[in-house]
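*Asks:* Need the 3D shape of this:
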Amino acid sequence: MRTHPMSNGGRNLGNAGLFLLALVVTFAGFATAASSSQASPVTITFDNGRMSLGFLSDRTVLPADSQFPSPDLPTPQRTDIQLTGNLTGDQITIPATTNTGLQFPYMHMMHPLEPDLKIPMTFRLNDPGLTGTWDEATGAMTLSGNLDIIVVTGTGTGFPVPDSLDDAGVPPLGLFARCRFDDVPVSFSTATTSPFTGQPFANGFGKDGAMTTSWDSLAPSVSENGGDCGDLNQITTSSGGIWLSNGVVEPIAQPGPPDPTCETDLSLCPPPKYIEIDAVRLRPGHRTVKRGRKVMLTVRVHNSGNKAARKLKVKIKSSSKAFKVPKFVRLTVPAGKSARKKFAVKVKRNAKRTRITAVNNGWAGRSYLKVKPKRKHRR
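*Replies:* Below is the predicted model of the structure:
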């Protein structure tokens, strides 16, 4: 018996087919998503490096010499740093288990007081390693974790017998007397600006860019295999950092100090504005006057300040009430100059003599007035 295409059986078969198609599409989407989030192996090579450690400031450490500084020891395996890991989406992992001492060359800094003396050093990653992010659009990268900074001070106390065989570096660290800055937290970033300037990678993952990490201070280093760490630990309280690059020989120049201002250099501050009245005089100093008349006096004021004294009030006093004077006169005295103002003194009929005083800021000018005696009539 045949089933009509529009019968219930046909509809059920059609629905089943659509369901299976949906499952196929769904699983295909899952497969695509799973494949897009799979980890991809990546390698980061740093061929230039700088380091600051206290007064050992801005010292070149990469590229490392092709021969370790001691002629009695074998050469290292690498002259650059090459880290291997995985990239999953934008997440980076650099495991410590696969990035042993073989990944890190023996580098050196030149001694600040003995120009021909090399200070050998190297790095080691601590578990679990470094983790970070990668932005393909901008070239920005971060890597954070903990590493050891190891400074070699000479051959070990039992050389050529190593004190430890657990380091895979060539030659192994166990041969050397050393000082270890243990478990230093680092946050490398292409965006860091101090003490060195990072820069985004310009040509793909880890290509032609630089990363920087910094610290305010380090815990004192620990002596291993007879390492003498006394002098080294005197500089651990200072700030420092590491700059590692690929294809970039020198860090971007640090911005210079800001131009000095009044806040940082007092000699640049404008002089404060002030008024300094340092002289008050009255003229004439002596004069004979007539009763019932007015006499004009001139007050002169000097301002040695750098600000004009506007509407300056100068008090006027008389030692005799028979000489009537104003309580004060006002005048404007320019900065660094003098100004004058006249005022009238009224001489009453019973006046004889007086002392007129003009006062401001503790300075006083005086004028002495004497009434002209009456003429006696002859008989």
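
*Asks:* CA only for contacts and neighbour counts going forward, please
*Replies:* Fine.

*Asks:* so what are the domain limits for this protein?
*Replies:* Structural domains assigned to the chain are 39-246, 277-371, following automatic domain parsing.

*Asks:* Which positions within stretch 80-92 qualify as buried?
*Replies:* For stretch 80-92, burial by neighbour count (16 or more other Cα atoms under 10 Å) applies to Asp80, Ile81, Gln82, Leu83, Thr84, Gly85, Asn86, Leu87, Thr88, Gln91, Ile92.

*Asks:* Contact partners for the residue nearest the centre of the chain?
*Replies:* In the chain, the residue lying closest to the centroid (Cα atoms, centre = their mean) is Ser194, at 8.4 Å. Counting by Cα atoms under 8 Å, 6 or more residues apart in numbering, Ser194 touches Thr212, Thr213, Ser214, Gly241, Gln254.

*Asks:* Tell me which stretches of the stretch 1-150 of the chain form strands.
*Replies:* With strands called from DSSP state E, counting those that start in this stretch, the stretch 1-150 of the chain shows them at 40-46, 48-53, 56-62, 81-88, 91-95, 107-110, 118-135, 140-155.

*Asks:* Which strands and helices lie in contact with the last one?
*Replies:* Secondary structure elements in contact with strand 140-155, counted by 3 or more Cα pairs under 8 Å, 6 or more residues apart in numbering; DSSP states H and E, are strand 118-135, strand 176-189.

*Asks:* just how off-centre is the shortest one within its chain?
*Replies:* For strand 176-189, the gap between its own C-alpha mean and the chain's C-alpha mean amounts to 25 Å (Cα atoms, centre = their mean, to the nearest Å).

*Asks:* Next: the longest one.
*Replies:* Offset of strand 118-135 from its chain centre (Cα atoms, centre = their mean): 26 Å.

*Asks:* Could you list the buried residues of it?
*Replies:* Neighbour-count burial for strand 118-135 [16+ other Cα under 10 Å]: 118-126, 129-135.

*Asks:* Quick one: low-confidence residue ranges for the chain.
*Replies:* 1-37, 376-379 (pLDDT under 70).

*Asks:* show me what contacts Pro69?
*Replies:* Going by Cα under 8 Å, 6+ apart, the list of residues near Pro69 reads Lys118, Pro120.

*Asks:* ugh, wrong one, Ser187
*Replies:* Thr142, Leu143, Ser144, Gly145, Thr212, Thr213, Ser214.

*Asks:* Can you spell out which residues form a bridge with it?
*Replies:* Counting by DSSP bridges, Ser187 forms beta bridges with Ser144.

*Asks:* still on that earlier bit, dump the domains of the chain to a markdown table, plus distance to Cys269.
*Replies:* Below are these laid out as a markdown table (distance: least, Cα to Cα, whole Å):
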| stretch | distance to Cys269 |
| --- | --- |
| domain 39-246 | 30 |
| domain 277-371 | 14 |
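
*Asks:* most tightly surrounded among those?
*Replies:* domain 39-246 (a mean of 19; mean count of other Cα atoms under 10 Å).

*Asks:* From start to finish, how long is it in a straight line?
*Replies:* 23 Å (Cα to Cα, to the nearest Å).

*Asks:* what's the spacing between it and its chain's center?
*Replies:* With Cα atoms, centre = their mean, you get 25 Å for domain 39-246.

*Asks:* wait, Asp228 sits on Cys179?
*Replies:* Yes - look at Asp228 against Cys179 with Cα atoms under 8 Å: they come within range, at 7.2 Å.

*Asks:* picking up where we left off before, what's the farthest-apart pair in the buried residues of stretch 80-92?
*Replies:* Asp80 and Thr88 (25.2 Å; Cα to Cα).

*Asks:* What's the separation between the closest residue in space to Phe323 that isn't next to it in sequence and Asp47?
*Replies:* The shortest distance from Phe323 to any non-neighbouring residue, by Cα to Cα, 6 or more residues apart in numbering, is to Val347 (4.9 Å). Noted for Val347: a distance of 101 Å to Asp47, by Cα to Cα.

*Asks:* Val184 too?
*Replies:* 22 Å.

*Asks:* before we move on, the earlier item: hang on, the residue nearest to the centre of the chain in a helix?
*Replies:* No - under DSSP: H, G, I helix; E, B strand; the rest coil, Ser194 falls outside any helix and is assigned coil.

*Asks:* Make 22 the starting number, not 1.
*Replies:* Let's use 22 as the start, then, which means that last one is Ser215.

*Asks:* circling back: show me the two of the buried residues of strand 139-156 that sit farthest apart.
*Replies:* Lys139 and Asp156 (38.1 Å).

*Asks:* overlap in contacts of Asp249 and Cys200?
*Replies:* Thr174.

*Asks:* Check which helix or strand Leu253 maps to.
*Replies:* Using DSSP states H and E, the element containing Leu253 is helix 251-254.

*Asks:* Give the next helix or strand downstream of that helix.
*Replies:* Next along from helix 251-254, by DSSP H and E: strand 261-267.

*Asks:* That's all I had, so thanks and see you.
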